[in-house]
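In: structure for the following, please:
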Amino acid sequence: MTKSRTAPTTSNSKRKWKEGKSEKKVKQSKGGKKRKDTDVPKSHSMLKDDHDDVEGFDNETTRSEVVESQHPENNESGLTEDSDTEDNVEFSHSDEEDIKINDQLTSENSMHLSSFDLHLQHNLSKEEIENQGNLKFNWEIPAIGMSNSKWIGTGENILEGLNINSYDGLKEKLSEHWMDVYKSSGSKDISSDKQKLFLSLCNSYRDILHCSKRPFYLKGLEDTSIMDAYIMHSLNHVFRTRDCVKKNDAKLTKVGETADIDRFRDQGFTRPKVLILLPLASIVYRVVKRLIQLTPSAYKANVEHMDRFATKFGSEEHDGQKENDLEADYAKPQNLSKPSDFEALFSGNNEDDFMMGIKFTRKTIKLFSDFHTSDIIVASALCLTNKIEEAGSNKDKDVDFLSSIEVLIIDHADVIAMQNWSHMHTVIEHLNRLPSKQSGTNVMRIRPWYLDNYARFYRQTIILGCYSNPDINASFNHQCFNYEGKVKLVSEYKGVLHKVLPQIRQIYERFDVDSIVDADDARFEYFVKKVFPRIKDSDQGGIMLFTNSYFEFIRIRNFLKSQNASFCLLGEYTTQSDISRARLWFYEGTRKIMLYTERSHFYHRYKIRGVQNLIIYSLPERKEFYPEIVNMLDGSDNMACTVLFSFLDKLRLERIVGTAPAKRMVAAKKGVFVFCD
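Out: Numbers count the residues shown, from 1 in each chain. Have a look, this model is predicted:
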């Protein structure tokens, strides 16, 4: 396919996010070869399913009549796509404050463009593509409202001189409604500089890695300012996409066959533009409910299938809850046998296999819309992975609705990592691929960079969580290719050693490793040669071996079997009856060693009695687990705690012992360190 593009371009060095910069002019593209199309077909946009031009459609038909006529068996989303009666043929100028239609087409080069336009109309050069693998984080700036944290980024420092009080790029109706929602709830977060800064980062369309986000399940209050910012950014992207298509539909109708069709390329292969990946149905309930609340009233006169949504994603505790009662989302039943954060995260709907389309018409929000004609898709990585596998084995199935995603948001990445990050890797790999089937979108309206298979360079990825790990970092570094560049939050940690209750010597032993490829073998070899001999011939029981991963769990289990050791298992796949039996055996001393995994602790948070000697084979990812595990020694007669680590464990190590001590521990000549609070 010819690599020709006529869309306007602008240099990254000109993309400063300062007050007044929302009215930027697009720089004329240099040497862009124009696509020559002899016949201009009739305008046919991706909003065709809205039945804008259907004659004789009864606009007085009630919404309830349309909904009742649907049959869940008709498509994979469970709904038949109905006519959008509110989406009439005319383009509503009042809906879009940023664009006007003149009697004559004005030059695109003279239009004042938002960050949305600047990002999507950029003419990507071969040099920019080739430089994607050489991006360096070359600037940093302190993070507002977050002590010991800083933002670092590639390319130009977009935060330098930023006026965060200017909601640059956000539609006026959205920003006004957002402020009204905050005022009506009595919240002051709308004035938070931290929130404004993050929204500005979202509007810059750069890839973002924010892994110091305070989640709702810790201390009972989520950092909602971050969630609100990405929801507003998603709504803004959807509505600006819609406005752009509607505007061009109206222009093409006005000028007819005399139009230069290259100037009206405004679509992707399919309609979905935003993909939000979440770990649990209960979190979907919270996010989508907030998305509906933050949608201006003009766009949500009707919200279809709220009852079905509450049934599928909510739980009994949500029954009778007011639609806009955000505080009620955080009210969780008290169960003193489990930590409060466990109750907050898992007391709701724990389903992890789900997917839902959300479609916006002029006055209606359609939940459970068909995936191919939705604007936003909310899903779990597990569900999407299953659909990708189905499409690979069944030619009648496809995942073409992933082909035109322009904004990817991964929230609660830390929880997803506890589930299985490999599913996330699979999903990201399948984004922005050329579709397997003809979508019905007019190819003359598809943006050139979609046709050139460059869509992945225009996709913005936002990853949010309360910590990062090598898997999350690998996806951000090697699966995100946004030409705009990247920004990520880097934090220093104080550690959690002060939360260890018993006065116990915690001995950290460093083992040598040459490369990440050899890390697992080096850890296992150190355990076999240095640690296991200490416990093999000992008469002492109550030895707990804690591992971070299931792979380590299986490896140690097989080794203990080969040594005829007395041990029991408590892993994430252990049945409930076997778990009860193992806990009793361990407490009574019938079994000398218990093998325990982090994922098992994450999903069950057991309190194991009878622990005398704790050996942490690999540090937990979640820092709050460390004191919980070590505190199981409390009350024991001969307490002992040994921790194995290498320099490759620095991310986990610094969250537990603190950033400064971790740096010393991985670089010091000696390999043994002792902590005793």
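
In: give me the domain ranges for this structure.
Out: Listed domain ranges for the chain are 2-120, 121-314+349-491, 497-675 (source: automatic domain parsing).

In: so of those domains, which one's packed in deepest?
Out: Of all those, domain 121-314+349-491 carries the top mean neighbour count, a mean of 19, counting by mean count of other Cβ atoms under 10 Å. From N, CA and C alone the C-beta is placed, and that goes for glycine too.

In: got the contact list for T295?
Out: Residues near T295 by Cβ atoms under 8 Å, 6 or more residues apart in numbering: H177, L235, F360, I365.

In: same check, this time on F309
Out: Y285, V288, M356, L367, F368.

In: can you put those residues in JSON lines and add pLDDT?
Out: Listed next are these as JSON lines, based on pLDDT from 0 to 100:
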{"residue": "Y285", "pLDDT": "97"}
{"residue": "V288", "pLDDT": "97"}
{"residue": "M356", "pLDDT": "98"}
{"residue": "L367", "pLDDT": "97"}
{"residue": "F368", "pLDDT": "97"}
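
In: the domains of the chain: which one's closest to S340?
Out: For those, distance to S340 was read as Cβ to Cβ. The smallest value, 6.9 Å, belongs to domain 121-314+349-491.

In: after the lengthiest helix in the chain comes which helix or strand?
Out: Secondary structure assigned by DSSP state H gives helix 224-255 as the longest helix of the chain. Note on helix 224-255: by DSSP states H and E, the next helix or strand toward the C-terminus is strand 274-277.

In: for stretch 202-216, the distance to its chain's centre please.
Out: Centroid separation for stretch 202-216 versus its chain: 9 Å, with Cα atoms, centre = their mean, to the nearest Å.

In: check the spacing between S374 and S436 real quick.
Out: According to Cβ to Cβ, to the nearest Å, S374 stands 18 Å off from S436.

In: with V303 instead?
Out: Using Cβ to Cβ, V303 is found at 33 Å from S436.

In: repeat for D634
Out: 58 Å.

In: over to K592?
Out: In terms of Cβ to Cβ, K592 sits 56 Å off from S436.

In: report the contact partners of G465.
Out: By Cβ under 8 Å, 6+ apart, G465 lies in contact with H210, C211, K213, D411, H412, A413, D414, V415, I416, A417, I472.

In: let me know the closest of those to S566.
Out: Among these, and counting by Cβ to Cβ, the member closest to S566 is A417, at 33.0 Å.

In: report the contact partners of that closest one.
Out: G465, N469, D471, I472, E621.

In: and the gap between the closest residue to the third one other than its chain neighbours and H498?
Out: On the basis of Cβ to Cβ, 6 or more residues apart in numbering, the spatially nearest residue to D471 that is not a chain neighbour turns out to be W421, at 4.2 Å. For W421, the distance to H498 (Cβ to Cβ) stands at 30 Å.

In: can you tell me the element the residue nearest to D471 falls in?
Out: Under the criterion of DSSP H and E, W421 resides in helix 413-429.

In: chain center to that helix: distance?
Out: 10 Å.

In: how near is G589 to G571?
Out: In terms of Cβ to Cβ, G589 sits 21 Å off from G571.

In: from V611, how far out is the residue nearest to the spatial centre of the chain?
Out: With distances taken as Cα atoms, centre = their mean, I410 lies nearest the centre of the chain, 0.5 Å away. Per Cβ to Cβ, I410 is found 36 Å from V611.

In: do the same with S200
Out: Counting by Cβ to Cβ, the gap from S200 to V611 is 49 Å.

In: same question, S149
Out: Distance, S149 to V611, by Cβ to Cβ: 35 Å.

In: and I463, that's in a helix?
Out: No. Counting by DSSP: H, G, I helix; E, B strand; the rest coil, I463 is located in no helix; its state is strand.

In: just read off the phi/psi values of L159.
Out: Main-chain torsions, L159, degrees, to the nearest 10: phi -90, psi -10.

In: for it, give me its contacts.
Out: W17, I141, W151, G153, L197, S200, L201 are the contacts of L159 under Cβ under 8 Å, 6+ apart.

In: now do 10 Å
Out: For L159, the contacting residues are 17, 139-144, 151, 153, 197, 200-201, 204, 487, by Cβ atoms under 10 Å, 6 or more residues apart in numbering.

In: ok, Y230 next?
Out: Y230 neighbours (Cβ under 10 Å, 6+ apart): 198-199, 202, 208, 210, 274, 276, 287, 291, 407, 409, 411, 462, 464.

In: equivalent analysis for A668, please.
Out: So A668 contacts R510 (Cβ under 10 Å, 6+ apart).

In: how confident was the prediction at it?
Out: pLDDT recorded at A668 is 94.

In: one more: K25?
Out: For K25, the predicted pLDDT is 39.

In: quick one: the closest residue to N248 other than its chain neighbours from F198, how far?
Out: Of all residues not flanking N248 in the chain, F264 sits nearest, at 4.4 Å (Cβ to Cβ, 6+ apart). Note on F264: its distance to F198, by Cβ to Cβ, is 34 Å.

In: ok, L170 next?
Out: From L170 to F198 the distance is 13 Å (Cβ to Cβ).

In: any common contacting residues for the two?
Out: With Cβ under 10 Å, 6+ apart, L170 and F198 have common neighbours H233.

In: quick one: contacts for I405?
Out: By Cβ under 10 Å, 6+ apart, the neighbours of I405 are 268, 270, 272-275, 377, 428, 431-432, 455-456, 459-461.

In: and the residues you listed, which is closest to E525?
Out: I428 (33.7 Å).

In: what are the ranges of the strands in the stretch 451-600 of the chain?
Out: 460-464, 486-491, 506-510, 543-547, 567-570, 593-597 (DSSP state E, counting those that start in this stretch).

In: tabulate those strands (CSV), appending distance to V255 and mean pLDDT.
Out: CSV is the format used below for these (distance: least, Cβ to Cβ, whole Å; pLDDT from 0 to 100):
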stretch, distance to V255, mean pLDDT
strand 460-464, 32, 98
strand 486-491, 40, 96
strand 506-510, 71, 97
strand 543-547, 67, 97
strand 567-570, 71, 94
strand 593-597, 65, 96
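
In: which two among the contacts of F309 are spaced furthest apart?
Out: Maximum distance among the contacts of F309 (Cβ to Cβ): 13.8 Å, for Y285 and F368.

In: if we can go back for a sec, now render the contacts of Y230 as CSV, adding distance to A565.
Out: Listed next are the contacts of Y230 as CSV, based on distance: Cβ to Cβ, whole Å:
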residue, distance to A565
F198, 51
L199, 55
C202, 53
I208, 47
H210, 44
V274, 52
I276, 46
V287, 46
L291, 53
V407, 52
I409, 46
D411, 42
I462, 47
L464, 42
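
In: can you tell me which of those residues are in strands?
Out: Residues of those located in strands (DSSP state E): I208, H210, V274, I276, V407, I409, I462, L464.

In: name the nearest of the contacts of I405 relative to A565.
Out: The closest of the contacts of I405, once distances to A565 are taken by Cβ to Cβ, is I428, at 41.0 Å.

In: excluding chain neighbours, what is closest to that closest one?
Out: Per Cβ to Cβ, 6+ apart, closest to I428 is Q479, 4.6 Å.

In: residues contacting the one you found?
Out: Going by Cβ under 10 Å, 6+ apart, the list of residues near Q479 reads D207, L408, M424, H425, V427, I428, E429, L431, R456, T461.

In: same check on F524?
Out: F511, E552, R555, I556, F559, Y617, L644.
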